[in-house]
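In: quick one, fold the following:
(2 chains)
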Amino acid sequence: MNRPVSNWIALAARGVLGLIFIYAAWMKLKDPWQLFAVAVDGYQLLPPRGVIVVARTLPWFELALGALLLGGVWLRVAAPAVTLLLLVFFGILLSSYLKGMEIDCGCFGPGEALGPSTLIREGALLAVSITLTAIATKSAKGVAHAATKVRNS
Amino acid sequence: MKLTSVLPLILCLLPAPLSSFQASPATIAASKCMGSIMAPVHLELYSDFQCPHCRKLYLETMRQVFADCVKNGKVYMIHHDFPLPGHPYAREAARWADAAGNFNKYEEVTYALFEKQDQWSPTGNIEPIVASVLSPTDLAKVKKLLKDPRVEAAIDKDVALGQTAQIHSTPTLFVERHQNRFPITTFVSFDILKRLIDEQASK
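Out: The predicted structure is shown next:
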């Protein structure tokens, strides 16, 4: 891909994902963490201790990843981490939906029922994140390749 | 506080009628409330007797809430009927529970209806389930009230409250503390719900 074009795509992807992650974190952190724990518990995947750990840490993790993406810092780590996280979210959401679970998604705090629109949104975010990861990894490889060339010359 | 949230509290506080052979909306409403109204946290549960998720929430979580949080004065519990149109016998079950509520047997009948949901839900044969927890005398009294329009009105009132609260699915549980009102529209385990209750009660 043309370098300037991929830079613009990466910038847009970082902006979109960064803002969404920060917004998602804020919507969870503004309420008592126990309320997010209720949403996590609704998936019935974790024992109470696991639910509590996820409910207390995930919003802060989302906030940190959002800030890293927006700031363009540690992109080679942040972008794959966001992709991995979104992949886990998408897998859990899809499996819960296919099981017919009528639950609160918990994605942006309480009040959003899990449905097709949730899956479409998470799928789209995952696609954006995969693109960003590919660009970030490629540019890192490019930099590494150039450095090797310089050392060998 | 909104009128919709105050109304059930007022109904719960009204005195019971002298005659027990006539349905009294105040007595029925009172029978659906548990604990002290002065409790720091109020829980309002909208449920449908034929809904499997309501059954799970009631048997696995709410029973523990009653035994723990209501008993120790942390929670004031209000139960609302919210029979969904897709469940053909849910309103009939609510009728039985509310009629039993007129004789302060709402909780016993509710427990039986949820516990044995798989027995009556396919056929709508509710009477044997209710008979298993009431004395023959009480059962006869409850049966007399089934066609009382005031029992129907009690259900309609709950449904209207639910619609005002914009409930679309059951179970829906509201956790209330002062101005905070958190809706829970999914199954929640007792451990997690208790943490939310404790957090709200400590404020």
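
In: what helix or strand is the most centrally placed residue in chain A on?
Out: When chain A is reduced to its mean C-alpha position, the closest residue under Cα atoms, centre = their mean turns out to be A:V82, at 3.7 Å. Per DSSP states H and E, A:V82 falls inside helix A:75-98.

In: follow-up on the earlier one: contacting residues for the residue nearest to the centre of chain A?
Out: With contact set as Cβ atoms under 8 Å, 6 or more residues apart in numbering or on different chains, A:V82 has these partners: A:17, A:21, A:65, A:69, A:129, A:132-133. For glycine as for every other residue, the C-beta is placed from the backbone atoms N, C-alpha and C.

In: and A:P4, helix, strand or coil?
Out: Using DSSP: H, G, I helix; E, B strand; the rest coil, the three-state assignment for A:P4 comes out as helix.

In: I'd like to know how many residues surround it.
Out: Residues within reach of A:P4, counting by other Cβ atoms under 10 Å in any protein chain shown, total 8.

In: same thing with B:H79?
Out: The burial count for B:H79: 24, using other Cβ under 10 Å.

In: hang on, the earlier thing: how near is the residue nearest to the centre of chain A to A:W60?
Out: In this structure, A:V82 and A:W60 are separated by 15 Å, where distance is defined by Cβ to Cβ, to the nearest Å.

In: repeat for B:L193
Out: Taking Cβ to Cβ, one finds B:L193 at 23 Å from A:W60.

In: and what of A:L35?
Out: Counting by Cβ to Cβ, the gap from A:L35 to A:W60 is 16 Å.

In: A:D31 reaches B:F182, doesn't it?
Out: Yes. With contact defined as Cβ atoms under 8 Å, A:D31 reaches B:F182; the gap is 7.3 Å.

In: overlap of the contact sets of those two?
Out: With contacts taken as Cβ under 8 Å, 6+ apart, A:D31 and B:F182 have A:P110 as neighbours in common.

In: more crowded one of those two?
Out: A direct count of neighbours by other Cβ under 10 Å for A:D31 and B:F182 places B:F182 higher, at 18 against 14.

In: now do the same for the closest residue to the more buried one other than its chain neighbours: helix, strand or coil?
Out: Spatially, and ignoring its direct neighbours in sequence, B:F182 is nearest to B:V175 (4.6 Å; Cβ to Cβ, 6 or more residues apart in numbering or on different chains). Under the three-state scheme (three-state DSSP), B:V175 adopts strand.

In: what's the answer for B:L43, then?
Out: strand.

In: could you measure from it over to chain A?
Out: Applying Cβ to the nearest Cβ, to the nearest Å, the value for B:L43 to chain A is 13 Å.

In: report how many residues lie close to that residue.
Out: Using other Cβ under 10 Å, B:L43 has 25 neighbouring residues.

In: quick one: it and B:R181, what's the gap?
Out: Distance, B:L43 to B:R181, using Cβ to Cβ: 11 Å.

In: where do the contact lists of these two overlap?
Out: With the criterion set as Cβ under 8 Å, 6+ apart, the overlap between the contacts of B:L43 and B:R181 is B:174-175.

In: of A:L35 and A:W60, who's got more company?
Out: With neighbours defined as other Cβ under 10 Å, A:L35 and A:W60 compare such that A:L35 has more, 25 against 12.

In: could you list the contact residues of chain B toward chain A?
Out: Chain B has residues B:53, B:168-169, B:182-189, B:191-193, B:195-196, B:199-200 near chain A, with proximity defined as Cβ under 8 Å from any Cβ of the partner chain.

In: one more time with 6 Å, if that's ok
Out: The interface of chain B toward chain A, taken as Cβ under 6 Å from any Cβ of the partner chain, is made up of B:182, B:184-186, B:188-189, B:191-192, B:195-196, B:199.
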